[in-house]
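One predicted model, sequence on top.
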Amino acid sequence: MKTAKERRSSNWFGRDGKDGFIYRAWLKKQGIPAYELEGKPIIGICNTWSELTPCNSHFRELAESVKRGVLEAGGYPLEFPVMSLGETLMKPTAMLYRNLVSMDVEESIRANPLDGVVLLCGCDKTTPALVMGACSVDIPTIVVSGGAMLTGRHMGKSISTSDVWRFSENVRAGKMTNEELAMAEAGMCRSDGHCAVMGTASTMACMVESLGLSLPQNAAIPAPDAARKVIAQLSGIEIVKMVKEDRRLSDILTRQAFENAIRVNAAIGGSTNFVIHLLAIAGRMGIQLELQDMDTFSNGIPLLANLQPSGSYFMEDLYYAGGLPAVINALLPHMNKNCITANGKTVEENYNKAVSYNKEVITDLHAPFNPLSGIVVLHGNICENGAVIKPSAASKHLMQHTGKAVVFEDIDDYKHRIDLPDLDVDENSILVLKNVGPKGYPGMPEVGNLGLPAKVLAKGITDMVRISDGRMSGTGFGTVVLHVSPEAAAGGTLAILKDGDIITLDVAKRTLQAHISDEEIAQRKAIMKPNYPVATRGYVQLYQQHVEQAHLGADLDFLKGGSGSEVTRDSH
Ligand code: FES
Ligand code: MG
């Protein structure tokens with residue numbers, strides 16, 4: 001228990017003289033009565049609302065629900081904005097700004113009179129950015145996610161983000177008209193909320209819940225459901241308790257909690273982006289977590305949630321079937337059950353009564369949808385520090401495959417040549433894309449699930465092995481090897497691959513190997529020239545100079561760890 005005097009905010013509002021006057025007087029201009037600032041826990045609501053982040057466009061209302069809860073529990077809420085990251089509009093990729101936002105969040109929390117903070121997270125990168133920033137401060141923190149949008153509708157069928165890739169291939173293959181595509185566009189996003197499949201946003205919401213950073217059921221309640229506002233209000237009540245009991249991120253985010261998150265991510269068929277974000281969060285907490293842990297702790301965990309892109313259903317269906325609690329309940333034999341969560345209860349206490357109401361959507365360990373799930377970490381001479389593949393989104397017949405490389409030097413090279421009739425490619429080839437890693441294409445865009453060449457598509461082929469140092473949208477699918485580290489721009493072996501090199505992918509053996517001798521690799525590296533644009537000023541220059549490789553979480557090197565919640569000196 002912390003007394004009012006021991007709280008951070010007392011260093012502002014509990015002061016006498018000039019400083020206390022300044023701190024209180026200007027807040028009072030917002031119509032705040034004096035008693036609100038006399039020792040109540042001050043709760044920051046970190047809001048990523050923005051009309052440029054359509055997935056978070058309902059967050060002003062959500063913040064109002066949080067405030068009701070904070071007031072009801074005897075705290076006082078103060079909402080503040082941080083830079084928002086909209087996945088769909090931001091160029092070159094929202095991921096470029098994840099670390100920047102984390103700095104915004106960290107410094108905003110530390111500099112202000114906050115005793116606890118509620119993070120409003122939704123669209124993909126808003127979740128890891130806010131959590132990373134908060135971790136580097138480590139005050140009591142709870143996450144309220146925005147929730148997924150309702151399932152899209154098109155010509156009598158359910159559609160969602162995962163179909164975007166299919167639609168565009170269908171149009172290119174002449175199986176869908178432009179008019180039909182326009183109708184799909186109109187029916188895709190029809191309510192508040194983030195992408196409705198197990199893409200990165202939903203993966204992040206599940207990550208937060210499985211780490212214990214939110215109340216149970218936070219992950220899957222749809223954005224427009226009244227229960228979303230209810231959980232926001234309950235979280236407002238909870239954060240005041242967390243402040244009183246001084247339950248911080250470091251009490252919740254133990255090594256065991258990270259292991260739990262990896263297991264849950266496997267069971268839900270979560271996005272490959274999970275890997276990078278979880279490693280970055282662990283880095284902020286000083287928890288030793290390695291890329292290999294993604295494989296170790298997801299190995300043996302089958303797919304228990306039947307959600308696109310690994311399965312058939314949508315986030316709305318997950319909620320109606322019992323939500324993430326039902327998945328975690330089914331996984332309890334594998335979980336670290338004693339981990340403490342935001343509400344002070346253990347994982348076991350929170351989830352031991354949860355049930356699945358629909359076994360088509362949430363099954364149990366006895367009848368999994370796919371025995372293969374999670375993230376497989378590959379090693380070999382192309383990826384000395386690792387690469388990842390998501391087997392549940394890949395094709396069985398390509399899990400062990402040897403083929404001739406068709407190499408693209410960068411994304412522009414790919415775009416210019418992929419559909420050329422004389423491109424020497426067939427369905428057995430392996431498409432290799434260089435220079436889309438953290439440094440090479442600053443931010444590491446989601447281009448790893450390269451569209452197939454037109455002449456392969458024309459044969460009715462829907463998947464090929466693809467390899468890159470980039471990422472893939474959480475809604476993407478295919479036999480796609482991602483996050484090759486070191487990336488081409490950092491001098492990785494990927495950079496020296498040429499057309500016609502023979503490559504073997506063997507997922508069961510965890511290997512990705514080019515059939516090139518070490519001598520040949522060394523010779524090619526000796527004459528290799530870097531081939532990526534280098535920024536000469538501003539944030540992008542800072543990013544390129546300091547970003548770490550994908551297998552470490554792609555954080556900026558100087559942001560690792562935290563600086564705590566120290567109350568610094570006065571300004572006046
Ligand atoms: Fe925001 Fe998919 S675009 S979650
Ligand atoms: Mg995405």
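The structure has been received and is ready for your questions. Ligands and ions are numbered 1, 2, ... in the order given.

going forward, measure contacts between C-alpha atoms and count neighbours the same way
Noted.

any idea which helix or strand carries the closest residue to Met83 other than its chain neighbours?
Nearest in space to Met83, with sequence neighbours left out and distances taken as C-alpha to C-alpha, 6 or more residues apart in numbering, is Val101 at 5.9 Å. Assigned by DSSP states H and E, Val101 belongs to helix 98-111.

mind listing the strands for the stretch 301-450 of the chain?
376-380, 383-389, 400-408, 430-433 (DSSP state E, counting those that start in this stretch).

Go through those strands and pick out the most buried.
Ranked by mean neighbour count, these are led by strand 430-433 with a mean of 28 (mean count of other C-alpha atoms under 10 Å).

Give me the contact list for that strand.
With contacts defined as C-alpha atoms under 8 Å, 6 or more residues apart in numbering, strand 430-433 is touched by 403-411, 414, 448, 464-469, 503.

Which residues does the helix or strand of the chain with the lowest mean pLDDT contact?
Lowest by mean pLDDT, DSSP states H and E among the helices and strands of the chain is helix 162-172, with a mean of 84. Residues outside helix 162-172 that contact it (C-alpha under 8 Å, 6+ apart) are 176-178, 181, 197, 308-309, 451, 454, 457, 475-476.

ok, and of those, which contact ligand 1?
For ligand 1, no contacts are drawn from the contacts of helix 162-172 by C-alpha under 6 Å from any ligand atom.

just curious, which of the residues you listed is nearest to Gly44?
Val197 (30.1 Å; C-alpha to C-alpha).

Quick check: that closest one touching Leu307?
Yes: Val197 is in contact with Leu307 according to C-alpha atoms under 8 Å; the separation is 6.5 Å.

residue ranges with poor pLDDT in the stretch 201-350 of the chain?
Nowhere does the stretch 201-350 of the chain drop to pLDDT under 70.

Relative to Gln292, how far out is the residue of it found nearest ligand 1?
Nearest residue of the stretch 201-350 of the chain to ligand 1: Ala201, at 4.7 Å (C-alpha to the nearest ligand atom). Ala201 sits 23 Å away from Gln292, going by C-alpha to C-alpha, to the nearest Å.

Break this protein down into its domains, please.
40-150+191-352, 376-535+543-550 (the TED database).

Any idea how many residues pack against Thr536?
Neighbour count of Thr536, defined by other C-alpha atoms under 10 Å: 10.

How about Arg24, nearest residue that isn't a chain neighbour?
Per C-alpha to C-alpha, 6+ apart, closest to Arg24 is Phe13, 6.1 Å.

what about that neighbour, how many neighbours?
23.

cool, the one 3 residues further on as well?
In terms of burial, Asp16 registers 9 neighbours under the definition other C-alpha under 10 Å.

which element follows the least confident helix or strand of the chain toward the C-terminus?
Counting by DSSP H and E, what follows helix 162-172 is helix 178-188.

related to what we said a few turns ago, need the contact list for the residue nearest to Met83.
Val101 touches 82-84, 129-130, 133, counting by C-alpha under 8 Å, 6+ apart.

Nearest to ligand 1 among the residues you listed?
Ser84 (11.0 Å).

For the stretch 101-250 of the chain, which residues are neighbours of ligand 1?
123-124, 194-195, 201.

In helices, which of the residues you listed fall?
Here DSSP state H is the test, and these give Ala201 as lying in helices.

buried subset of the residues of the stretch 101-250 of the chain next to ligand 1?
The neighbour count (16 or more other C-alpha atoms under 10 Å) marks 123-124, 194-195, 201 as buried among these.

Mean neighbour count, the domains of the chain: which tops it?
domain 40-150+191-352 (a mean of 24).

returning to that earlier point: residues of the least confident helix or strand of the chain that come out buried?
Result for helix 162-172 [16+ other C-alpha under 10 Å]: buried residues 162-164, 167-169, 172.

With distance to Glu548 as added columns, please give those residues in a markdown table.
Formatted as a markdown table, the buried residues of helix 162-172 follow (distance: C-alpha to C-alpha, whole Å):
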| residue | distance to Glu548 |
| --- | --- |
| Ser162 | 29 |
| Asp163 | 32 |
| Val164 | 31 |
| Phe167 | 35 |
| Ser168 | 33 |
| Glu169 | 34 |
| Arg172 | 37 |
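
hmm, which two among those are most spread apart?
Checking the buried residues of helix 162-172 with C-alpha to C-alpha, the most distant pair is Ser162 and Arg172, at 16.6 Å.

Redo the strands of the stretch 301-450 of the chain as JSON lines? Include distance to ligand 1.
Below are these laid out as JSON lines (distance: least, C-alpha to the nearest ligand atom, whole Å):
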{"stretch": "strand 376-380", "distance to ligand 1": "24"}
{"stretch": "strand 383-389", "distance to ligand 1": "20"}
{"stretch": "strand 400-408", "distance to ligand 1": "27"}
{"stretch": "strand 430-433", "distance to ligand 1": "24"}
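
Can you tell me which of those strands is nearest to Gly187?
Closest among the strands of the stretch 301-450 of the chain, using C-alpha to C-alpha: strand 383-389, at 31.0 Å.

And that closest one, what does it pack against?
Strand 383-389 sits against strand 376-380, strand 480-481, with contacts defined as 3 or more C-alpha pairs under 8 Å, 6 or more residues apart in numbering; DSSP states H and E.

Compute the inter-axis angle for that strand and strand 376-380.
With axes from the mean of the first three to the mean of the last three C-alpha atoms, to 10 degrees as the basis, strand 383-389 and strand 376-380 are set at 150 degrees to each other.

Quick check: mean pLDDT of strand 383-389?
When pLDDT is averaged along strand 383-389, the result is 97.

Please apply the same query to stretch 141-159.
96.

and it, C-alpha only, in CSV?
Extracted as CSV, the C-alpha positions of stretch 141-159 are listed here (Å, rounded to 0.1, in the frame of the first residue of the first chain):
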residue,chain,number,x,y,z
THR,A,141,-0.3,0.5,-15.9
ILE,A,142,-3.3,-1.2,-17.4
VAL,A,143,-4.2,-1.6,-21.1
VAL,A,144,-7.6,-1.1,-22.6
SER,A,145,-7.8,-2.3,-26.2
GLY,A,146,-10.2,-0.7,-28.7
GLY,A,147,-11.6,-4.0,-29.9
ALA,A,148,-12.0,-5.4,-33.4
MET,A,149,-14.5,-4.2,-35.9
LEU,A,150,-17.5,-6.2,-36.9
THR,A,151,-17.0,-8.8,-39.6
GLY,A,152,-17.1,-7.3,-43.1
ARG,A,153,-19.9,-8.4,-45.6
HIS,A,154,-19.6,-8.8,-49.4
MET,A,155,-22.1,-10.5,-51.7
GLY,A,156,-23.6,-12.6,-48.9
LYS,A,157,-20.3,-13.6,-47.5
SER,A,158,-18.2,-12.7,-44.5
ILE,A,159,-15.0,-10.9,-45.4
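
now it: how far from the chain's centre is it?
Relative to the chain's own centre, stretch 141-159 is displaced by 16 Å; criterion: C-alpha atoms, centre = their mean, to the nearest Å.

returning to that earlier point: let me have the helices and strands packed on strand 383-389 in JSON lines, adding mean pLDDT as columns.
Formatted as JSON lines, the helices and strands packed on strand 383-389 follow (pLDDT from 0 to 100):
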{"stretch": "strand 376-380", "mean pLDDT": "98"}
{"stretch": "strand 480-481", "mean pLDDT": "98"}
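
can you tell which of the ones you listed is closest to Lys396?
That would be, of the helices and strands packed on strand 383-389 and by C-alpha to C-alpha, strand 480-481, which comes in at 12.2 Å.

Off-centre distance for that closest one?
18 Å.

For that strand, name the packing helices and strands.
strand 383-389, strand 465-468.

Done for today, thanks.
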